[in-house]
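Peer 1: the amino acid sequence is not available; the structure is as follows:
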């Protein structure tokens with residue numbers, strides 16, 4: 001069944017509601033509390049106080065008991081000004097600081113879950129998604145990783161990794177099946193990628209202190225041959241040097257939000273099969289790719305993230321968000 005982003009956002013809404021209720025309770029308690037501000041900048045929380053000679057006797061809100069301090073320690077101007085501001089409904093320094101903290105938290109959440117269309121945000125946990133349009137409505141399609149097999153065109157295949165082929169040979173990187181599970185309807189889909197680079201860095205790269213470049217992702221076209229899709233080829237010259245070939249689709253890459261990469265095709269895609277691939281320089285292409293097809297007449301996808309419904313409007317049917325599973329990118 002199709003599901004919407006509403007269920008994903010509900011968790012964050014309930015968490016936020018609990019925080020707001022706690023803050024409301026704290027705000028009410030604060031409204032019943034006064035402050036005796038001292039000359040050193042500190043203060044005592046009190047519900048009431050009285051002057052007794054050179055002492056100030058007050059009822060401590062924190063310790064729920066009567067206490068005394070020397071009157072000479074009290075900054076009465078600051079104490080009276082605080083009471084005037086509180087009575088006038090002006091924000092206290094703590095309220096201002098809390099507002100700043102909440103705004104910073106909101107901005108951080110929005111950076112991790114940036115908006116890609118009205119009411120439609122990328123999930124904060126990351127992943128790989130295609131922004132599609134189906135029946136005139138935007139929706140995000142989660143893309144799973146598919147492991148490509150390197151066909152040596154001999155008696156056996158290997159799953160992935162760096163190949164040491166025989167001189168003069170040509171091998172192909174093949175995906176199982178003639179079409180991807182996810183079919184995009186829009187001719188110009190926008191692709192969003194947020195994967196953990198540390199999990200994809202090889203041990204050799206970690207030893208050398210190297211990091212994978214953020215713009216290492218490309219869109220490649222897959223060639224359909226029988227019940228396989230070919231996304232790349234490995235050629236080896238007679239003198240032993242190997243090279244990889246892929247049909248890379250022209251696209252622009254930009255950093256988006258916090259940790260996201262946005263790929264935008266420069267021209268509409270022709271109907272067919274495609275994949276998002278990692279190009280790793282001298283190591284070639286990672287044979288684990290995120291595959292998808294482009295077919296305007298394809299049926300609806302089963303797993304999608306739809307725009308959040310306006311408050312008060314709930315879809316007639318709503319199923320829980322399906323856990324997105326991504327295979328680890330294994331590179332040798």
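Peer 2: All right, it came through fine. Note that the structure is a prediction, hence the values are computed from the model and not measured.
Peer 1: show me where the protein has helices.
Peer 2: The residue ranges that make up the helices of the chain, judged by DSSP state H, are 6-31, 76-87, 93-112, 197-200, 203-208.
Peer 1: please parse this structure into its domains.
Peer 2: Structurally, the chain divides into domains by automatic domain parsing as follows: 33-111, 123-294.
Peer 1: what residue ranges in the stretch 1-150 of the chain score low on pLDDT?
Peer 2: Within the stretch 1-150 of the chain, the stretches with pLDDT under 70 are 1-32, 90-99.
Peer 1: before we move on, the earlier item: got TSV for the domains of the chain, with distance to residue 309 and mean neighbour count too?
Peer 2: Quick note: C-beta positions are derived from backbone N, CA and C, even for glycine. Supplementary listing: the domains of the chain in TSV, determined by distance: least, Cβ to Cβ, whole Å; neighbours: other Cβ atoms under 10 Å:
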stretch	distance to residue 309	mean neighbour count
domain 33-111	19	13
domain 123-294	12	17
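Peer 1: got TSV for the ones you listed, with distance to residue 302 too?
Peer 2: TSV is the format used below for those (distance: least, Cβ to Cβ, whole Å):
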stretch	distance to residue 302
domain 33-111	28
domain 123-294	9
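Peer 1: which one of those domains lies closest to residue 308?
Peer 2: domain 123-294 (11.6 Å; Cβ to Cβ).
Peer 1: that closest one: end-to-end distance?
Peer 2: Length of domain 123-294, first residue to last, Cα to Cα, to the nearest Å: 23 Å.
Peer 1: got it, and stretch 34-53?
Peer 2: Terminal-residue distance, stretch 34-53 (Cα to Cα): 21 Å.
Peer 1: contact partners for residue 176?
Peer 2: 146, 149, 227-228 (Cβ atoms under 8 Å, 6 or more residues apart in numbering).
Peer 1: now with 10 Å?
Peer 2: Residues near residue 176 by Cβ atoms under 10 Å, 6 or more residues apart in numbering: 146-149, 227-229, 291.
Peer 1: looking at these, spot the one nearest residue 284.
Peer 2: When the contacts of residue 176 are ranked by distance to residue 284 (Cβ to Cβ), residue 148 comes first, at 11.7 Å.
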